[in-house]
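[1] build me a model from this:
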Amino acid sequence: MMPAIRARDILLLLVLTLAAALLHGYHYGVEDQAIYLPAIQRLLDPAFAPHYAEFFLQQPQFTLFPALIAGTARALHVPLDVVLFTYWLLTIFLLLLGALQISRRCFAEPAAHWSGVATLVALLSLPVTNTGIQIFEQYLHPRGMATAALLFALSAALDRRPRTLAWLALAAAIHPTMAFFGALHILFLAWNAPLRKSPALSALLLAPQLLNPAWREALDARRFIWPLQWCWYEWLGVVGPLALLGWFARLGRQNANPQLAHVSSRLFFSGSLGVVLALALTSTPGLERFAVVEPMRTLHLIYILFFLLAGGLVGQHLLRNRPLRWALLFVPLCTVMLFANFRQYPASPQIEWPGRVARNDWAEAFAWIRQNTPRDALFALDPVYMDRPGNDQHSFTALAERSMLPDYTKGRGVAAQFPALAYEWRMQVHDRDNWRNFQPQDFHCLLRKYGVSWVVLEKPGPQGMSCPFENARVKVCRVE
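    Numbering: from 1, shown residues only. Prediction:
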């Protein structure tokens, strides 16, 4: 019988949640919120960003995440940025709570329980090899919420409780793809039959030529989808955790810890099978259409549980109840992660508090646009504006609350998942191929062809344009 979660556990988890927030930082309107945040805003205001809304409405239609956030903001009459920040903190807390429950089923010593959870806290923003995602994002993403539900499902599966299916259903409602990957791992964990042989890594290494060249361009640009194109060191992030899980299983058998052996061995087999399936989907003619589900992201849950178990073993055999040893491990580890997080968003504060005035030059320009331009205006920006220096992946539509021509950075992901949008995406991106050398007549072409009435430019930019706003890095100009 596992010990119940006590008030002291809740208090310590709250402290670790705040520590994780301070260590890894929080950002608003960045990365994939370029899609999810406009979808939420559209639910709150049907007139929001009326042009090219399909580029942020298609993907979220398969999740209840936008409806949950919008419904909470509407019911509580709370600003949207406050709702997102609160849900983000709550998701971290639930993720750590689920991790603690799993750790307690694999280890007997409290030092192992909390060392595993602390290891997860220290590494939350670590990239999952070359899959394009982190263990937990520094912004609210449905993947994080679904992962917390998957950890509760996994904990219930270890106890063979029927509520496993309820947690899986909740995860599927929030992020169907991650729920599918999680269900694969949980199925193996719930299977008690002996597993003696690892699956063979075999796949047909053929490259099909599909008929939609625009969709093909969008898909090929997302290199992380294609594991056979990864560098050798990126594959270390696949082979290393799986091999160590196999070693953990051996340690569990040697140390009379059958639960650790069971969990580690099942994760080794389910993770290996997931990699084999990913190789098959991304290299077999006729199956590449399914590569858009990004199958190598099956490693996401593997990474979480690997670090949880690794931290538990370190706590059990090395740290124990020695505070100095804990400090010698976690202080350098957290320092390295803090430095990495500062470098990831160098032009932004570590925590973008709700209601805080923007300090990022791009975000400051977007805030001016939100307050001073017509709501139905259509903007054009550099197709790779999110990757430009000083932007820190901040989304125009999410922060400026205005329509824009689809970009390259996030638009290609939408075009890859929805081929019907691919031609439109490619045409509008390539019409801005030489963006940083555009002159007023080039912007006039965008006005005639698409109805673009405003542009956001990096300084110094072309002469002869009316630009009512500028700061140290960008300016906002009318197309007249």
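[2] G464: which element?
    Counting by DSSP states H and E, no helix or strand carries G464.
[3] next, the buried residues of the helix or strand containing Q441.
    Q441 belongs to helix 440-450 when assigned by DSSP H and E. Buried positions in helix 440-450, judged by neighbour count with 16 or more other Cβ atoms under 10 Å: 442-443, 446-447, 450. C-beta coordinates here come from the backbone N, C-alpha and C atoms, glycine included.
[4] gap between the longest helix seen in the chain and the chain center?
    Assignment by DSSP state H gives helix 80-106 as the longest helix of the chain. Once both centres are worked out by Cα atoms, centre = their mean, to the nearest Å, helix 80-106 turns out to sit 15 Å from its chain's centre.
[5] so what secondary structure elements neighbour it?
    With contacts taken as 3 or more Cβ pairs under 8 Å, 6 or more residues apart in numbering; DSSP states H and E, helix 80-106 sits against helix 7-24, helix 33-44, helix 65-76, helix 110-122, helix 142-158, helix 258-281, helix 299-314.
[6] and those: which comes nearest Q58?
    Judged by Cβ to Cβ, the one of those that comes nearest to Q58 is helix 33-44, at 8.8 Å.
[7] just the buried residues of that closest one, please?
    Within helix 33-44, the residues scored as buried using 16+ other Cβ under 10 Å are 33-43.
[8] and for stretch 382-392?
    Using 16+ other Cβ under 10 Å as the test for burial, stretch 382-392 gives 382-383, 385-386, 388, 390-392.
[9] need the contact partners of it.
    27, 30, 34, 344-348, 360-362, 393-396, 407-411, 429, 432, 435-436, 456, 458, 473 (Cβ atoms under 8 Å, 6 or more residues apart in numbering).
[10] quick one: end-to-end distance for it.
    Start-to-end span of stretch 382-392 (Cα to Cα, to the nearest Å) is 14 Å.
[11] and it, what's its mean pLDDT?
    Average pLDDT, stretch 382-392: 94.
[12] same check, this time on stretch 66-83
    96.
[13] the helix holding Q441 - contacts with which helices or strands?
    strand 378-380.
[14] packing partners for the strand it packs on?
    If you count contacts as 3+ Cβ pairs under 8 Å, 6+ apart, strand 378-380 packs onto strand 403-404, helix 440-450, strand 454-458.
[15] and the contacts of the helix holding Q441?
    378, 380, 405, 428, 431-432, 434, 452-453, 455, 462, 464-465, 479.
[16] picking that back up, want to try JSON lines for the helices and strands packed on strand 378-380, with distance to I5 as columns?
    Output for the helices and strands packed on strand 378-380, formatted as JSON lines (distance: least, Cβ to Cβ, whole Å):
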{"stretch": "strand 403-404", "distance to I5": "46"}
{"stretch": "helix 440-450", "distance to I5": "55"}
{"stretch": "strand 454-458", "distance to I5": "49"}
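[17] can you give me the neighbour number for the residue nearest to A149 when sequence neighbours are not counted?
    Among residues not flanking A149 along the chain, A171 sits closest, at 3.9 Å (Cβ to Cβ, 6 or more residues apart in numbering). By other Cβ atoms under 10 Å, 28 other residues sit near A171.
[18] mind listing what's buried along the helix or strand where A171 lies?
    Assessed by DSSP H and E, A171 sits inside helix 163-174. Across helix 163-174, burial judged by 16+ other Cβ under 10 Å covers 164, 167-168, 170-174.
[19] swap in stretch 124-131?
    124-126, 128-131.
[20] wait, L421 sits on R412?
    No - at 10.3 Å, L421 does not count as touching R412 under the criterion of Cβ atoms under 8 Å.
[21] the lowest-mean-pLDDT helix or strand in the chain: what's the following helix or strand?
    Taking mean pLDDT, DSSP states H and E as the measure, the chain has helix 213-220 as its least confident helix or strand, at a mean of 71. Downstream of helix 213-220, the first helix or strand assigned by DSSP H and E is helix 232-254.
[22] please state the offset of that following helix from the chain centre?
    Offset of helix 232-254 from its chain centre (Cα atoms, centre = their mean): 24 Å.
[23] same for that helix, what does it pack against?
    helix 258-281, helix 299-314.
[24] what about dumping the CA coordinates of that helix to PDB?
    Below are the C-alpha coordinates for helix 232-254, written out as PDB (Å, rounded to 0.1, in the frame of the first residue of the first chain):
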ATOM      1  CA  TRP A 232      25.000  11.000 -34.800                       C
ATOM      2  CA  TYR A 233      25.200  13.000 -31.600                       C
ATOM      3  CA  GLU A 234      21.400  13.600 -31.800                       C
ATOM      4  CA  TRP A 235      21.000   9.800 -31.800                       C
ATOM      5  CA  LEU A 236      22.900   9.600 -28.500                       C
ATOM      6  CA  GLY A 237      19.800  11.200 -27.000                       C
ATOM      7  CA  VAL A 238      17.800   8.200 -28.200                       C
ATOM      8  CA  VAL A 239      20.200   5.300 -27.600                       C
ATOM      9  CA  GLY A 240      21.500   6.600 -24.200                       C
ATOM     10  CA  PRO A 241      18.300   6.800 -22.200                       C
ATOM     11  CA  LEU A 242      17.000   3.500 -23.600                       C
ATOM     12  CA  ALA A 243      20.300   1.700 -22.800                       C
ATOM     13  CA  LEU A 244      20.400   3.200 -19.300                       C
ATOM     14  CA  LEU A 245      16.800   2.100 -18.700                       C
ATOM     15  CA  GLY A 246      17.900  -1.400 -19.600                       C
ATOM     16  CA  TRP A 247      20.600  -1.100 -17.000                       C
ATOM     17  CA  PHE A 248      18.100   0.200 -14.400                       C
ATOM     18  CA  ALA A 249      16.100  -2.900 -15.000                       C
ATOM     19  CA  ARG A 250      19.100  -5.100 -14.300                       C
ATOM     20  CA  LEU A 251      19.800  -3.100 -11.100                       C
ATOM     21  CA  GLY A 252      16.300  -3.600 -10.000                       C
ATOM     22  CA  ARG A 253      16.600  -7.300 -10.400                       C
ATOM     23  CA  GLN A 254      19.900  -7.400  -8.600                       C
END
